[in-house]
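In: here are the coordinates; sequence isn't available:
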């Protein structure tokens, strides 16, 4: 597994284009990887990204099971040491470890549409539903929540629509090493192609 980090220069035309929508950012991220990986390159290479804006600078984090093979466009400035090899995490994560986490996610559920074969995915509008969603995802992915809060509900533009996302921040404890490692590599929830699902971790203080 590899983790790359870029500082974005908003004066660059390619950066401005990518920032216009989650769809354009997805296309830009994928341009750095090989494309001959079957029908679903992002899923096959476990590519996740997260755009973080602290009001002063845009940072882009990209995790993947393979190294990028191409340079990102002009204005995406690679942080020194990127991509970082994270293969050692297989021996780092362990039961009982505590981490501070930052997760942008799309809490959703599927509902049946009368007369339609396929169900529809809808955003969970109630706080209690989103809290239950996160607790369920924690149980499924090998960790328990010690504390968490919501920040920054946003509408994210796609090519032909949009989706809503929430940023969850808090503290977690690992309860199943293999499930947690899988969640860290493959992401949590829906819209993983468009900036959601990536767990940003730091040691809990």
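Out: That came through, no problem. Computed from a predicted model, the values in this text were never measured in an experiment. Numbers count the residues shown, from 1 in each chain.
In: from here on, just use CA atoms for contacts and neighbour counts.
Out: Fine.
In: span of stretch 67-79 from start to end?
Out: In stretch 67-79, first residue to last residue: 15 Å (C-alpha to C-alpha, to the nearest Å).
In: residue ranges with poor pLDDT in the protein?
Out: For the chain, the stretches flagged by pLDDT under 70 are 112-113, 115, 117-118, 153-162.
In: mind giving me the domain split of this protein?
Out: 2-85, 92-203 (automatic domain parsing).
In: can I get those domains in a markdown table including mean neighbour count?
Out: Listed next are the domains of the chain as a markdown table, based on neighbours: other C-alpha atoms under 10 Å:
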| stretch | mean neighbour count |
| --- | --- |
| domain 2-85 | 17 |
| domain 92-203 | 17 |
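In: pull up the distance across stretch 178-193, start to finish.
Out: 23 Å.
In: quick one: the helices in the protein?
Out: 13-19, 22-30, 41-44, 127-140, 177-186 (DSSP state H).
In: okay, the ones you listed in TSV with distance to residue 80 next?
Out: Shown next, in TSV, are the helices of the chain (distance: least, C-alpha to C-alpha, whole Å):
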stretch	distance to residue 80
helix 13-19	19
helix 22-30	18
helix 41-44	24
helix 127-140	33
helix 177-186	22
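In: and of the ones you listed, who's closest to residue 66?
Out: Nearest to residue 66 among the helices of the chain is helix 41-44; the distance by C-alpha to C-alpha comes to 9.7 Å.
In: just give me how far that closest one sits from the chain centre.
Out: Relative to its chain's centre, helix 41-44 lies at 14 Å (C-alpha atoms, centre = their mean, to the nearest Å).
In: for the remainder of this discussion, apply numbering that starts at 15.
Out: Noted, 15 is the first residue going forward, which turns the last one into helix 55-58.
In: what does it rub up against?
Out: The contact list for helix 55-58 (C-alpha atoms under 8 Å, 6 or more residues apart in numbering) reads 44, 48-49, 51-52, 62, 207.
In: give me the distance between residue 135 and residue 91.
Out: 36 Å.
In: try residue 198
Out: Remark: distance between residue 198 and residue 91 (C-alpha to C-alpha) = 24 Å.
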